[in-house]
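Chemist: what would the 3D arrangement of this be:
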Amino acid sequence: MVKTATALLSALLLCAWGALAQEFMSPTVNIMEELAKLKNMEERLRTMEETMQNQRVLVEQLQKENGALKTMVETTQANQELLQSANEERKVAFSASLLASGSGYNGPFSRVTFPLIYKKVVTNYGNGYDSDTGIFTAPLKGVYYFRFYAHCHSGNKMAVSLYKNDKVQCSVFSERPLTNGNASNGIVLILDKGDRIYTKLWDKTWVYDDPASYTSFGGFLLFPL
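Modeler: Purely as a prediction, here's the structure:
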């Protein structure tokens, strides 16, 4: 009975080993196909690594280009600010009339030693004109245009000159006209920075002004030098 059981067990083991050997020799999974899949996966992983490396290089390149672009933008903005500042400096213009309010005359004086002071400032772009002294001071070197008007009443002598640094450049004059009237003159001058322009009465003459601003003085920068 024992011998029979032992023989049966041995037979069963032999059958099992035979089945295992057969399965090993003829597996249900195709080893070559699986190996090919693994190789394909390795190639795909290698391609992905190369792609990621290329992307890292591209990102670094873009970061460098962005840095250069940022520097370029900052430089451009700085240049624009400098240009705007320079353009603002070149905007010079003023206009003013003699009396701030009301009506009246200035003069006559036996000896005139001071400029006419135009108190009613209409425009003073660039702050070149000083309403406390009546003097325009050139903020930069350039070519400027100036014009002034003077009003007189009948029977009164009116004469006004425009000065550059205490030297007469042009004048208006009226010798006791029969009726009220205006006289005007204008001039183009080359000024250095700091040059002074103003108008002044002649001795023993006078000018009149009222809210209509008959007596006035103005000028502007034509172009810098």
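Chemist: so what's residue 9 scoring on pLDDT?
Modeler: Reading off the confidence values, residue 9 has pLDDT 46.
Chemist: kindly apply the preceding question to residue 28 instead.
Modeler: At residue 28 the predicted local confidence, pLDDT, stands at 58.
Chemist: equivalent analysis for residue 74, please.
Modeler: Predicted confidence (pLDDT) for residue 74: 77.
Chemist: now swap in the one 3 residues further on and tell me
Modeler: Per-residue confidence for residue 77 comes out at a pLDDT of 75.
Chemist: element containing it?
Modeler: Using DSSP states H and E, residue 77 sits within helix 31-89.
Chemist: following that helix, which helix or strand comes up?
Modeler: strand 93-97.
Chemist: quick one: contacts of that following strand?
Modeler: 118-126, 128-129, 131, 136, 209, 213-221 (C-beta atoms under 8 Å, 6 or more residues apart in numbering). To be clear about C-beta, it is placed using only N, CA and C from the backbone, and glycine gets the same treatment.
Chemist: give me the distance from that strand to the chain's centre.
Modeler: Shown here is strand 93-97, whose average C-alpha point lies 27 Å from the average C-alpha point of the whole chain (C-alpha atoms, centre = their mean, to the nearest Å).
Chemist: which SS state does residue 170 fall under?
Modeler: Using DSSP: H, G, I helix; E, B strand; the rest coil, the three-state assignment for residue 170 comes out as strand.
Chemist: state the distance from it to residue 222.
Modeler: Going from residue 170 to residue 222 by C-beta to C-beta, to the nearest Å gives 17 Å.
Chemist: pick out whichever of those two has more residues nearby.
Modeler: residue 170 (17 against 14; other C-beta atoms under 10 Å).
Chemist: list the contacts for the more buried one?
Modeler: 161-162, 185-187.
Chemist: could you rerun that using 6 Å?
Modeler: 162, 185, 187 (C-beta atoms under 6 Å, 6 or more residues apart in numbering).
Chemist: for the first one, list each beta-bridge partner.
Modeler: The partner list for residue 162 in beta bridges (DSSP bridges) reads residue 170, residue 199.
Chemist: go on, the last one?
Modeler: Legend: beta-bridge partners of residue 187 under DSSP bridges are residue 146.
Chemist: surely it touches residue 171?
Modeler: No: in this structure, residue 187 is not within contact of residue 171 by C-beta atoms under 6 Å, at 10.3 Å.
Chemist: so where's the protein shaky on pLDDT?
Modeler: Judged by pLDDT under 70, the chain has its weakly predicted residues at 1-29, 81-88, 177-178.
Chemist: how does it look with 90?
Modeler: Scanning the chain for pLDDT under 90 picks out the ranges 1-90, 105, 107, 152-156, 174-182.
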